[in-house]
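1. Dropping the sequence and predicted coords here.
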Amino acid sequence: MKHYAQPIAKLIGQLTKLPGIGPKTAQRLAFYILDSTQEEVEELALTIKDVKDNINYCSVCNNFSAEEVCSICKDETRDTNTICIVENSKDIVAMERTGEYKGVYHVLHGSISPMEGRGPDDIRLNSLLSRIKEKNIEEVILATDPNVEGEATAMYIVRLLEPFEITISRIAHGLPVGGDLEYADEVTLSKALEGRTKV
């Protein structure tokens, strides 16, 4: 970094904080930005600011949304009696790509991970309980990631929902253990949905 002017070094440093961006990729991106026109750079900066300023959590499912209620929760053709629980909003995109799932979602925005200091109070479980108490929910599908944290979260939710008379299922492990839902292909996710088992 000492070979770069301070503003360039700072930009590279900020870019390396992005997931999946190493020092070499950060350098390439920094020089791409430097070679861009003033208008292109300003448009990029404004777009990033606009996302932070105007995207909030859906008041129903916690998905990222530009409105109070997201498009999925607004969709009257969805089966509102079935809730698929996912860890992050990007997992909804993965599930929707399959074209198989017609219910609604609940986004936890994380998973239980004692090693990282995240407990049940750090993810959005209270709003899930409120939905289940208020709505006529028939099935909850656990679609947390098939890793240690995802499994711990799923098991905690199973215990949490035991008092309710609803079907609790877990997507089948057609997904690789230790993998992330967002990287699974449509066929694997479709098979995982079809082969979900009652918990």
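-> Here it is on my side, so go on. Numbers count the residues shown, from 1 in each chain.
2. In this structure, where is pLDDT below threshold?
-> Filtered on pLDDT under 70, the chain yields the residue ranges 1-2, 173-177, 187, 191.
3. Let me know the next secondary structure element after the lengthiest helix in it.
-> Ranked by number of residues, the top helix in the chain under DSSP state H is helix 38-54. With elements assigned by DSSP states H and E, the helix or strand that comes after helix 38-54 is strand 56-57.
4. Name the residues that touch stretch 111-129?
-> 62, 83, 85, 87, 106-110, 144-145, 149-150, 152-153, 156-157, 160 (Cβ atoms under 8 Å, 6 or more residues apart in numbering). C-beta here means a position set from N, CA and C on the backbone, and glycine is covered the same way.
5. For that stretch, list every residue counted as buried.
-> By 16 or more other Cβ atoms under 10 Å, the buried positions in stretch 111-129 come out as 111, 112, 113, 123, 125, 127, 128.
6. What's the end-to-end length of that stretch?
-> One end of stretch 111-129 sits 16 Å from the other (Cα to Cα, to the nearest Å).
7. got it, and stretch 9-28?
-> Rule used - Cα to Cα; the end-to-end distance of stretch 9-28 is 12 Å.
8. Strands along this structure, start to end?
-> Counting by DSSP state E, the chain has strands at residues 56-57, 64-65, 79-86, 103-107, 139-142, 167-170, 197-198.
9. one step back: out of the buried residues of stretch 111-129, which sit inside helices?
-> Using DSSP H, the members of the buried residues of stretch 111-129 that fall within helices are 127, 128.
10. want to throw the buried residues of stretch 111-129 into JSON lines with distance to residue 29?
-> Formatted as JSON lines, the buried residues of stretch 111-129 follow (distance: Cβ to Cβ, whole Å):
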{"residue": "111", "distance to residue 29": "29"}
{"residue": "112", "distance to residue 29": "34"}
{"residue": "113", "distance to residue 29": "30"}
{"residue": "123", "distance to residue 29": "32"}
{"residue": "125", "distance to residue 29": "37"}
{"residue": "127", "distance to residue 29": "36"}
{"residue": "128", "distance to residue 29": "38"}
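11. So for this structure, the centremost residue is which one?
-> residue 88 (1.5 Å; Cα atoms, centre = their mean).
12. thinking it is in contact with residue 109, fair?
-> Yes: counting by Cβ atoms under 8 Å, residue 88 touches residue 109, with 6.5 Å between them.
13. Could you count how many residues lie near the residue lying closest to residue 36 once chain neighbours are set aside?
-> Nearest in space to residue 36, with sequence neighbours left out and distances taken as Cβ to Cβ, 6 or more residues apart in numbering, is residue 44 at 7.7 Å. Using other Cβ atoms under 10 Å, residue 44 is surrounded by 12 other residues.
14. cool, residue 184 as well?
-> Neighbours of residue 184 under the rule other Cβ under 10 Å: 23.
15. In helices only, show me the contacts of stretch 111-129.
-> Per DSSP H, helices hold the following members of the contacts of stretch 111-129: 149, 150, 152, 153, 156, 157, 160.
16. No further questions, thank you.
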